[in-house]
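# Provided below are the primary sequence and the corresponding predicted coordinates.
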Amino acid sequence: MSTVVVRLQSFRHVTGRTVTPCKLRSRCTQAASGRGRSVTMGDDERLQKRLRSRLQSRTGRAQLRERVGVEHCLAHLANRQGPKARYRGTRRNLFDLRRIAVVQNLEVAARYQRAA
């Protein structure tokens, strides 16, 4: 049997000299003056930064707008279905998901028909 170590987050320590002169120190820490502070950074921080910078460009925002429609449809399905699986087993739950999708699509079609 082997042990696998998974590193979930990285830690950085800011020294007291850096924290003490900061004007926002009272919002950040209640540690004694001259003491440092540990800041936890997620492992996906680089990815998050890259995605945030991508949103600053026109192409990045266009890609996000494409995703929004799909995300909204999935959110409607999840809202209708609820947080838990209704049945045991994949086959029955897949049938339930498809049933819910049909009902959702019929409601959308009816909405379009009323608008026309």
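That came in fine, so what should we check first? Residues are numbered from 1 along each chain as shown.
# count the residues that sit near residue 108.
Neighbour count for residue 108, taken as other Cβ atoms under 10 Å: 12. C-beta here means a position set from N, CA and C on the backbone, and glycine is covered the same way.
# check residue 90 too.
By other Cβ under 10 Å, neighbour count at residue 90 equals 9.
# what residue ranges in this protein score low on pLDDT?
Flagging of the chain using pLDDT under 70 yields the residue ranges 1-22, 25, 28-29, 31-40.
# going along the chain, name the strands of it.
Remark: strands assigned in the chain by DSSP state E are 9-14, 37-42.
# what residues of the top helix by length along the chain count as buried?
Longest helix of the chain, by residue count under DSSP state H: helix 90-115. Neighbour-count burial for helix 90-115 flags 100, 104 (criterion: 16 or more other Cβ atoms under 10 Å).
# helices or strands up against it?
helix 58-81 (3 or more Cβ pairs under 8 Å, 6 or more residues apart in numbering; DSSP states H and E).
# and the helix it packs on, what's buried?
Applying 16+ other Cβ under 10 Å to helix 58-81 flags residue 81 as buried.
# much appreciated, bye for now.
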